[in-house]
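Asker: Predicted model and sequence below, questions to follow.
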There are 2 protein chains.
Amino acid sequence: MTVHIVVLAGGVGGARFLRGLREETRRRYPDGNGNSTARITAIVNTGDDAWLAGLRITPDLDSILYTLAGVNDEGRGWGRVGESERVSAELREYNVGWPWFTLGDLDLGTHIARTSWLREGLPLSAVARRLSERWPIGVELLPMTDDEVETHVEVADDGTGTGTRLLHFQEWWTRFRAALPAVRFIQQGLETSAPAPGVLEAIDSADAILLAPSNPVVSIGTILAIPGLRDRLLAADAHVVGVSPIIAGAVVRGMADACLSAIGVQTSAYAVARHYGVREDGGLLDGWIVDDADSASAGELSAIGLPTEARPLLMRDLDSSAAIAGAALDLSLGRRL
Amino acid sequence: MTVHIVVLAGGVGGARFLRGLREETRRRYPDGNGNSTARITAIVNTGDDAWLAGLRITPDLDSILYTLAGVNDEGRGWGRVGESERVSAELREYNVGWPWFTLGDLDLGTHIARTSWLREGLPLSAVARRLSERWPIGVELLPMTDDEVETHVEVADDGTGTGTRLLHFQEWWTRFRAALPAVRFIQQGLETSAPAPGVLEAIDSADAILLAPSNPVVSIGTILAIPGLRDRLLAADAHVVGVSPIIAGAVVRGMADACLSAIGVQTSAYAVARHYGVREDGGLLDGWIVDDADSASAGELSAIGLPTEARPLLMRDLDSSAAIAGAALDLSLGRRL
C-alpha cells in the first residue's frame, strides 16, 4: 500500500523539511531503485508571490523546487547554486524591478518560463508541474491556490507615530528584513481564492498530514486561510502533526517573530501550538513536535490534550532533517493505530 | 539653424549607417562638445519583432540602440559585446522559446525591461525612448509604429511541390538563414497599423530624408507600407535619397536577395532603385547612391531622371560609413538649393 503524506510548507524551512521527509521515506518505504513507494504532496504557500519586472516570482515554490532538485544555494539559503546576476545588473541600469531584490540569471530562467506559461493561460498548478518535470524531485508540488494572492504589510509610519503605510510583503521582508514593526498583514485575493486542483483531494486521501516548521503566520497561516482548506483538514482521516519553527523562544531562521507579534502571538513553541489549536478544542493539531529545549511546554501541551514530543529540532543536515520528519510521521501515523 | 535628418532604417545596415551619419554630423555641425547640432531621427522597422518566451523582442531597434551606444558585438554582427547565455541555457531545459534563437543575458535585460513597460501599457515608442535614455546615443529612435506587426513567410512545402507552409519571419531568417525559397511575406497587423507618434511630424520637418542600406523588402519596404507613411514622404519638403544595399549584384550583408526574389525584384542596385521608384514617375527617390562597381547603372538611372552617384559603399569602419552618409546627405540637401 502506498503511504500518502501531505505537507503544508513555506520556503526554506519547508524545503529542508521536505528533503528530510523524502530521505526518510526512501529508507522506510524503499522501492528498490533508491526512491520510495510513498507519495509526498507538498501544498506550498504562494502568499509571498509577486509581479516583478513583468515576471511572476514564486519564492516558496522555487525554494522547494531547487532544494529538492539539489540545485539550491545551501550556504546563502535561497536561490540557485553557482548563480550570477548579469541580467539584474542590466535591469538596474534601466531602473526596472526592485534594486534590493536580486533576480539571479539561472533563477530568471525559471521566472521567464513560468511567466510565459502563465501568459499562455496555464494555471500556476500546471506551471509548477511543468517546471518540476525537469528534475526527478520525488515530491508533488502544489501551489496552495491558482489565484493570485498579494500580501502587503501595514507598518507604523515613520515620524508622526499615528499614521501607517503599506509595503509589499517582499519589500518589508527582503528590503527591511522585517525590522519595521508590522501592524497587520493584508492579503489581497486570499479571501476569494480557491484551493488549487488536487489540494483538497490530497488532504482527503492523505495518511499523514504534516505542518512543516515554516512561518506560522505568512506561510502556514496563509495556506490555512484559503477558504475551505482548514475545514477539509479538520475533516480529514489523517492526523495533523506540526513541527515547531520556534526553539527556545527564538526563530530558527527567517523572521517569524516579527510576524507572530503582529498577530499577537508569542514567539514560543507553546504559543504557536495554541495558535494552530488543539484538536480536542476544535483546533487543527493532533500532534506537535518541539525541541528538547522546550520539553517543559511539551508537558504542558500534553496535559491539555495535545500529544507533544520533544526532540532535537535543528535541521543541520539530511540525517537530522530525516529524523525530524520521521518523528512527525510517526506521531501522525501512530495516532491512527 | 538645426539641420533635421530623418533616416528610415532596418537592423545592422541601418545601425552602421546611423553611426556613420552621427559621426559625419559631428564633424559637419559641431556643437563644441564633441556632438553635433544636427537632429537625427531614425524611423526603425519593427516588422521583425516577435513574442518569444513571453518577452517582446525588437531586433532592429536593439541593433541600432546597441551600435549607437557602442555596446554591440561588432564581430558577431548582432547583440551585445561580452554577452553570455546562462538564462538561455535554462530556458532550453524548460523547453521554452526557440532553441535556435539565442537570447543573451545582457540582451534579456533589455527584453525584460521593454516587456514590463509594454505590459504596464506604455506604447513601444515610449519604451524605445526610455531604453535609449540609458545611453547618450545622439539619435532619436522611433519605431515605425506602436502597433504590433508580425511577419510570416510563406515557403514552398518540402516534398510535394504544390503546397506551402507559413513560418515566422524569425524562423525563416534565423533558423533557416532564408534558404527556403519564399513565396510571399504576410505581415499581420501592417495594413491596420498607424505611424508611431512623431513619425509623420519628423518627416514633415525634415531637411533631409535618407533610406539606409537596409533590406528593401522586409526593413525599408515594411516601413513604407505603414498606411499614410509613403504619401507623407512624397509630400515632404525634404528630398529622399537612398543608399543601395546591393553592390555588384550581391547583398553586402544579410539575405536581402532571398527577399527581393520573393517579390520579383532583381538583386541589383538598379532594380532596387526602380522598386523604390523615381520621383519624376511618382516614385519615392530624389537621389540614389550606388557603389563604384555599379557606375553603369548610375548612368542609366540618371538618364531616366534619378540623380545617382557612384562611390565606395562598403561600410568598413567609422570613416567609410561617415563618408557614405555624408554623400547621401549632400545629395539630399543639395537638391534643395
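Answerer: Great, that's in hand.
Asker: Going by C-alpha atoms from here, please, whenever you check contacts or count neighbours.
Answerer: Fine.
Asker: So which elements touch whichever strand or helix holds A:L118?
Answerer: Element membership of A:L118 [criterion: DSSP states H and E] is helix A:105-119. In this structure, helix A:105-119 makes packing contacts with strand A:55-57, helix A:86-93, helix A:124-132, helix B:86-93, judged by 3 or more C-alpha pairs under 8 Å, 6 or more residues apart in numbering or on different chains; DSSP states H and E.
Asker: contacts for the first one?
Answerer: Which is strand A:55-57. The contact list for strand A:55-57 (C-alpha atoms under 8 Å, 6 or more residues apart in numbering or on different chains) reads A:D49, A:A50, A:W51, A:H111, A:I112, A:R114, A:T115, B:S116.
Asker: outside of the helix holding A:L118, which residues touch it?
Answerer: Outside of helix A:105-119, the residues that reach it under the criterion C-alpha under 8 Å, 6+ apart are A:55-57, A:79-80, A:83-88, A:124, A:127-128, A:131, B:53-55, B:86-88, B:90-91, B:94, B:96, B:105.
Asker: how close does A:L142 get to A:D107?
Answerer: For A:L142, the distance to A:D107 (C-alpha to C-alpha, to the nearest Å) stands at 19 Å.
Asker: which one of these two has more residues nearby?
Answerer: Neighbours were tallied for A:L142 and for A:D107 using other C-alpha atoms under 10 Å in any protein chain shown; the higher tally belongs to A:L142 (27 against 22).
Asker: what does the stretch 51-200 of chain A have sitting close to chain B?
Answerer: With C-alpha under 8 Å from any C-alpha of the partner chain as the criterion, the stretch 51-200 of chain A comes near chain B at residues A:53-55, A:86-88, A:90-91, A:93-94, A:96, A:105-106, A:108-110, A:112-113, A:115-117, A:119, A:130-131, A:134.
Asker: Give me the buried subset of those residues.
Answerer: Under a neighbour-count criterion of 16 or more other C-alpha atoms under 10 Å in any protein chain shown, the subset of these counted as buried comprises A:53-55, A:86-88, A:90-91, A:93-94, A:96, A:105-106, A:108-110, A:112-113, A:115-117, A:130-131.
Asker: Check whatever residue of the stretch 101-250 of chain A ends up closest to chain B and give its pLDDT.
Answerer: For the stretch 101-250 of chain A, the nearest residue to chain B under the criterion C-alpha to the nearest C-alpha is A:S116, separated by 4.3 Å. For A:S116, the pLDDT comes out at 98.
Asker: just A:R335 next, same as before
Answerer: Here the pLDDT value assigned to A:R335 is 63.
Asker: okay but A:A194 is in contact with A:E148, surely?
Answerer: No: using C-alpha atoms under 8 Å, A:A194 is not in contact with A:E148; the gap is 10.1 Å.
Asker: OK, contacts around the residue lying closest to A:G189 once chain neighbours are set aside?
Answerer: Take A:G189 and drop its neighbours on the chain: the residue closest to it by C-alpha to C-alpha, 6 or more residues apart in numbering or on different chains is A:V149, 4.8 Å away. For A:V149, the contacting residues are A:T46, A:G47, A:D48, A:D49, A:Q187, A:Q188, A:G189, A:L190, A:S193, taking C-alpha under 8 Å, 6+ apart as the criterion.
Asker: Tell me the secondary structure at A:L167.
Answerer: strand (DSSP: H, G, I helix; E, B strand; the rest coil).
Asker: who touches A:G82 in this structure?
Answerer: Residues near A:G82 by C-alpha under 8 Å, 6+ apart: A:D73.
Asker: measure it to chain B for me?
Answerer: 11 Å (C-alpha to the nearest C-alpha, to the nearest Å).
Asker: One more: A:I5?
Answerer: Here the criterion is C-alpha to the nearest C-alpha. By it, A:I5 lies 28 Å from chain B.
Asker: Same question for A:D60.
Answerer: Counting by C-alpha to the nearest C-alpha, the separation of A:D60 from chain B is 19 Å.
Asker: ok, the closest residue to that residue other than its chain neighbours - how many residues close by?
Answerer: Closest residue to A:D60 in three dimensions, ignoring its sequence neighbours and counting by C-alpha to C-alpha, 6+ apart: A:G11, at 4.0 Å. As a burial measure, A:G11 scores 29 neighbours (other C-alpha under 10 Å).
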